[in-house]
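Q: the sequence and its predicted three-dimensional model are supplied below.
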Amino acid sequence: MAQVHLKNVKKSYGALDVVHSINLSIAEGEFVVLVGPSGCGKSTTLRMVAGLEDISGGEIVIGDRVVNDLPPRERNLAMVFQNYALYPHMTVRENLGFSLKIAKKSQAEINKAVDEAAEILALTPLLDRKPGALSGGQRQRVAMGRAIVRQPDVFLFDEPLSNLDAKLRTQMRVEIKKLHQKVGSTVIYVTHDQIEAMTLADRIVIMRDGHIVQVGTPLDVFENPVNTFVATFIGSPPMNLLSGVVKGDQLGLSDGTRIPLPPGMKLADGRRVQLGIRADNIMPEGHALPPTAHMAHVDMKVTLSEPLGTETVVYAQLAGTEVQAKMLNPRPVVPGEVLRFGIALDKCHLFDADTGLNLKA
Amino acid sequence: MASASQHRLRKRLLKTGHFIGLFLAMCVICIPGLWVVLNSFRPTVEIMAKPPVWIPNELNLDHYRAMFGGAGQGGIPVWTYFTNSLIISVTSTVIALLVGMAGGYAFARYKFKGKGMTFVMLMATRAVPGVALSLPVFIIFGRTGLIDTHLGMILVYVAMNVPFTIWLIDGFFRQVPKELAEAAEIDGCTRWQAFWKVEFPVARAGIASAGIFAFLTSWNEYALASQLTRSVSSKTMPVGLLDFTSQFTLNWGGMCALAVLMIIPALILTFLVQKHLIAGLTFGGVKG
């Protein structure tokens, strides 16, 4: 186990900057998830920590060593790759024990470590098979086993679940979380899936275009997004954004609808802003929106509904923008139907229309 | 019902036609080979008979006996030719494979300036027929004293085979995911260990098939060898076949007997690595 510190870490390919001077401190035993759309530099960052990519500037510290110029083998990490990268010519046992064999450990030690890891991941019956004879989920577990066997300071995961089907992905997500609780190592996990990020992370690092946009606990980034990018990226369905102009203590939408500003917000008249409302905070009347002193009401025409069982996502039009709302007591909705929706204003956010920054006082 | 039986009949006819077609194709490929083997065992009279004798009346080892016999009985230095062929083919194959592995790996894994152009140039050398180069090669070898030496032949075959092995092995290494070597490096390997312990074994089948091709090319090559070798000290087996021609006669039986001896090692080798060869070829076949 070890802390990991990134200090002004940069990566550029020629004139192209892929990662712009990022700073991040990861505590011992912490599970940190780097999340962002593809091309945001999250995988590159992970590969720089692993030593698979050179860094163009800054400093990476693992434990108390600056590892900038150390090759991967001297960093004492383990990594799980997106395509698993199991050695196809070796059995599962040989795959698991490979790192110990390279480290010239005795056969008895190797067997002990391999058997333990196989036990944890329920791989014991598969030890003599080759990776080609395993299913996707089993390969995934072997890849994790190979990481555990090394007892590394830091575990690195590079989109490990994206090759699995939805059901298996949920299952493996739980296993990874359990594994972390059992082993307690520092974990850096890269994904583009915000649900994985929310469910696994102690802390989420949201990246975009090579910059860190926000760092925080899952609930923190969900409840207090710093800008519209985080607001729409984290949470499902994404936060609704309504563009409008401040008029006194109200927001005027393009079709003339007026919605009061969230409580405590005082903004100059005529300022262009975006009102952010999560689907959980805008519901048709009578659909279990928690009562609050700061309610607003709008009438919207329903265009589509997606029944999910316990809830239904309702799509409706407001001032030319599509809004997604939730119905917690689902009933059939006909497209074209006009419903009255309640908005919990104290849960809403205001963003500057130009910079996208959250205007929260 | 009628249509069902008609359908079955047509299916059977198609199948029969298919078999006949295959049989004819196989005949074209196999009969000359069979004829060579057969002729090596029967008397010259029968070989030359008109109309041809298809079913041999008598099989014997006379041609083999004569071939291994003394100079007076039409003997030729088979063992020397065989050793020459073996030394030249094996050495040139090993070198071509080593260079091919280094080059193929570099093309598959690294970015460098002029990579595309270098690759095209390498492949372009394959477009030049070997014989076209025989005169320049002859002159250069003549000046450097490489004519009629093992070294000369090895150089020629390495030059012939290297572009091919690089191209083939590049394809095989491309098939090996980059992450395998990265995983190995994280598991504690040096770059070199990652190559030998992971990437090389995974691409082994492909490399073996590249080796076979290189070996067979050198083993069977005739045109250049016939010009660049002069004496027993460096003549290879295909050139040795020419020993059976004299001004007015051709010793067909002897020639066939030597041809059979030539085929045997190639055949054995092919059988030994057959599994690898097929795996290697299909492995490479998926290359986009």
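A: The structure has been received and is ready for your questions.
Q: surely A:Ile62 is in contact with A:Pro152?
A: No. When contacts are counted by CB atoms under 8 Å, A:Ile62 is not listed as touching A:Pro152 (10.0 Å). To be clear about C-beta, it is placed using only N, CA and C from the backbone, and glycine gets the same treatment.
Q: overlap of the contact sets of those two?
A: Contact with both A:Ile62 and A:Pro152 is made by residues A:76-77, according to CB atoms under 8 Å, 6 or more residues apart in numbering or on different chains.
Q: mind checking the longest strand of chain A?
A: Using DSSP state E to define each element, chain A has its longest strand at strand A:295-307.
Q: quick check: buried residues in that strand?
A: Using 16 or more other CB atoms under 10 Å in any protein chain shown as the test for burial, strand A:295-307 gives A:296, A:298, A:300, A:302, A:305.
Q: separation between the residue most central in space within chain B and B:Leu258?
A: Central residue of chain B (CA atoms, centre = their mean): B:Leu216, 1.7 Å from the mean position. Plainly put, B:Leu216 is 17 Å away from B:Leu258 if you go by CB to CB, to the nearest Å.
Q: ok, now B:Pro77?
A: The span separating B:Pro77 from B:Leu258 equals 11 Å under the rule CB to CB.
Q: now the helices for the stretch 101-250 of chain A?
A: With DSSP state H, counting those that start in this stretch, the ranges of helices along the stretch 101-250 of chain A come out as A:107-120, A:136-149, A:166-183, A:194-200, A:218-223, A:228-233.
Q: do chain B as well
A: Ranges of helices within chain B are B:2-39, B:44-48, B:62-68, B:78-109, B:115-127, B:134-144, B:150-175, B:178-186, B:191-194, B:200-220, B:223-228, B:237-240, B:252-272, B:274-285, based on DSSP state H.
Q: ok, which of these comes nearest chain A?
A: helix B:178-186 (3.8 Å; CB to the nearest CB).
Q: contacts for the closest one?
A: By CB under 8 Å, 6+ apart, the residues outside helix B:178-186 that reach it are A:50-52, A:71-73, A:75, A:77-79, A:81-83, A:85-88, A:98, A:146, B:109, B:191, B:193-195, B:197-199, B:202.
Q: beta partners for A:Glu59?
A: Counting by DSSP bridges, A:Glu59 forms beta bridges with A:Lys7.
Q: report how many residues lie close to it.
A: By the criterion of other CB atoms under 10 Å in any protein chain shown, A:Glu59 has 13 neighbours.
Q: and the one 10 residues further on, by the same measure?
A: Using other CB under 10 Å, A:Asp69 is surrounded by 9 other residues.
Q: now A:Asp202
A: Burial of A:Asp202, expressed as a neighbour count using other CB under 10 Å, amounts to 15.
Q: what parts of the stretch 51-200 of chain A come near chain B?
A: Remark: the part of the stretch 51-200 of chain A in contact with chain B comprises A:51-52, A:71-73, A:75, A:77-79, A:81-83, A:85-89, A:98-99, A:102-103, A:146, A:150, using CB under 8 Å from any CB of the partner chain.
Q: let's go with 10 Å and repeat that
A: Within the stretch 51-200 of chain A, the positions near chain B by CB under 10 Å from any CB of the partner chain are A:51-52, A:71-90, A:95, A:98-104, A:143, A:146-147, A:149-150, A:152, A:156, A:158.
Q: what backbone torsions are found at A:Ile22?
A: Note on A:Ile22: backbone dihedrals following degrees, to the nearest 10 are phi -100, psi 150.
Q: number of residues surrounding whatever residue of the stretch 101-250 of chain A ends up closest to chain B?
A: When scored by CB to the nearest CB, the stretch 101-250 of chain A has A:Ile102 as its residue closest to chain B, at 4.1 Å. The criterion is other CB under 10 Å. On that basis, A:Ile102 has 17 neighbouring residues.
Q: between B:Pro77 and B:Leu258, which contacts overlap?
A: Counting by CB atoms under 10 Å, 6 or more residues apart in numbering or on different chains, the residues touching both B:Pro77 and B:Leu258 are B:67, B:240, B:243.
Q: which residues does the closest residue to B:Arg109 other than its chain neighbours contact?
A: Nearest non-adjacent residue to B:Arg109, counting by CB to CB, 6 or more residues apart in numbering or on different chains: B:Phe173, 6.6 Å away. When the contact criterion is CB under 10 Å, 6+ apart, the partners of B:Phe173 are B:101, B:104-109, B:181, B:195, B:199-200, B:202-203, B:206-207.
Q: please repeat the previous calculation with a cut-off of 8 Å.
A: Contact criterion CB under 8 Å, 6+ apart gives B:104-105, B:108-109, B:199, B:203 as the residues in contact with B:Phe173.
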